[in-house]
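Peer 1: Let's see this in three dimensions:
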Amino acid sequence: MTEDRKPNGTVGGRTTIADSVVAATAGLAAREVEGVADLGGSASRAFGAVKDRVSRSSDPTRGVKVEVGERQTAIDLDVVVDYGIRIADTANALRAHVAREVAQTTGLEVVEVNIAVNEMRLPGSQDEDEDDGKSDRVR
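Peer 2: Now for the predicted structure:
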């Protein structure tokens, strides 16, 4: 929640920003960073893939948890990275980009962006969101 000031006698009031708005902003920003293959653990991605097919839209908040206060927010990201990237460099770029986008969009101060790299996408591997559960050996 941010408090709007009344400069020169203009109308004041309060602006409340929902957790889901901060989470969606952080999730979309995270996916823009080179080296980030996906967000969420394998279980949440599998469940999310089914949910995405049913609803015909993807959930930008998958793999993102936030705490939102009146003027600050903290963000936790579960990340899948591409093989061959420098994880530390990607994490630094991810942290900076997400913090900048969330602060710019919401006006909230981002006090921390915690990143958990839980998986790595290997070259030539199928994206689990597109996997139908069958191997390539049989038709």
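Peer 1: so T15 bridges to which residues?
Peer 2: Beta-bridge partners for T15, by DSSP bridges, are T2.
Peer 1: Okay, strands next: where are they in the chain?
Peer 2: Per DSSP state E, the chain carries strands over the ranges 2-4, 13-15, 36-39, 64-68, 72-82, 109-121.
Peer 1: Run the chain-centre distance for the second one.
Peer 2: It refers to strand 13-15. Averaging C-alpha positions (C-alpha atoms, centre = their mean, to the nearest Å) puts strand 13-15 26 Å from its chain's average.
Peer 1: Output the contacting helices and strands for it.
Peer 2: The elements that strand 13-15 packs onto, with contact taken as 3 or more C-beta pairs under 8 Å, 6 or more residues apart in numbering; DSSP states H and E, are strand 2-4. For glycine as for every other residue, the C-beta is placed from the backbone atoms N, C-alpha and C.
Peer 1: Looking at the strands of the chain, which one is packed in the most?
Peer 2: Of all the strands of the chain, strand 36-39 carries the top mean neighbour count, a mean of 22, counting by mean count of other C-beta atoms under 10 Å.
Peer 1: So what touches that one?
Peer 2: With contact meaning C-beta atoms under 8 Å, 6 or more residues apart in numbering, strand 36-39 is reached by 27, 30-31, 45, 62-64, 77-82, 90, 94, 120-121, 127, 129.
Peer 1: Which residue lies nearest the spatial centre of this structure?
Peer 2: By C-alpha atoms, centre = their mean, the mean C-alpha position of the chain lies nearest to G27, the distance being 2.0 Å.
Peer 1: Tell me who's in contact with that one.
Peer 2: G27 neighbours (C-beta under 8 Å, 6+ apart): L39, D59, P60, T61, R62, G63, V64.
Peer 1: if you set the cut-off to 10 Å instead, what comes out?
Peer 2: 39-40, 58-64, 66, 75, 77, 98 (C-beta atoms under 10 Å, 6 or more residues apart in numbering).
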